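Asks: quick one, structure for this:
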Amino acid sequence: MYTIHYTSDIIRGKNNLGDSISFENLSEDGVKNRISEFNNNFGKPSSVTKSHIMWLNDRDTYCFFIYKDYLPVSDIESFV
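Replies: Here you go, the predicted model:
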């Protein structure tokens, strides 16, 4: 099973409205579906590395860190 650790930075004035949550017990298709949702909302990721996927929307950032069985996956690129 997969886990996505999601973080966002949404700055408005002096306030950071971002958050950090986890989507747990996802299948591989479940991970791909979450990524697809973000692609639909924010366009293609602006950064895909071995450790994360990041979307930028104006001045806001949204990041996914993906784990399989509690260990970081080494092939994040295969989900995009």
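Asks: strands of this protein, start to end?
Replies: Ranges of strands within the chain are 2-9, 11-12, 15-16, 20-26, 47-48, 53-57, 60-68, 71-72, based on DSSP state E.
Asks: include mean pLDDT, distance to Ser78 and mean neighbour count when you put those into a markdown table, please.
Replies: Placement of C-beta: from N, CA and C, glycine included. Formatted as a markdown table, the strands of the chain follow (pLDDT from 0 to 100; distance: least, CB to CB, whole Å; neighbours: other CB atoms under 10 Å):
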| stretch | mean pLDDT | distance to Ser78 | mean neighbour count |
| --- | --- | --- | --- |
| strand 2-9 | 95 | 12 | 17 |
| strand 11-12 | 82 | 32 | 10 |
| strand 15-16 | 80 | 32 | 10 |
| strand 20-26 | 96 | 15 | 12 |
| strand 47-48 | 92 | 10 | 14 |
| strand 53-57 | 93 | 11 | 17 |
| strand 60-68 | 95 | 10 | 18 |
| strand 71-72 | 94 | 14 | 10 |
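Asks: so which of those comes closest to Val80?
Replies: strand 47-48 (5.3 Å; CB to CB).
Asks: adding distance to Phe79, write the strands of the chain out as TSV.
Replies: Below are the strands of the chain laid out as TSV (distance: least, CB to CB, whole Å):
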stretch	distance to Phe79
strand 2-9	9
strand 11-12	27
strand 15-16	27
strand 20-26	11
strand 47-48	9
strand 53-57	7
strand 60-68	7
strand 71-72	13
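Asks: partner residues bridging the residue nearest the centre of the chain?
Replies: By CA atoms, centre = their mean, the mean C-alpha position of the chain lies nearest to Phe64, the distance being 2.0 Å. When assigned by DSSP bridges, Phe64 has beta-bridge partners Tyr6, Ile53.
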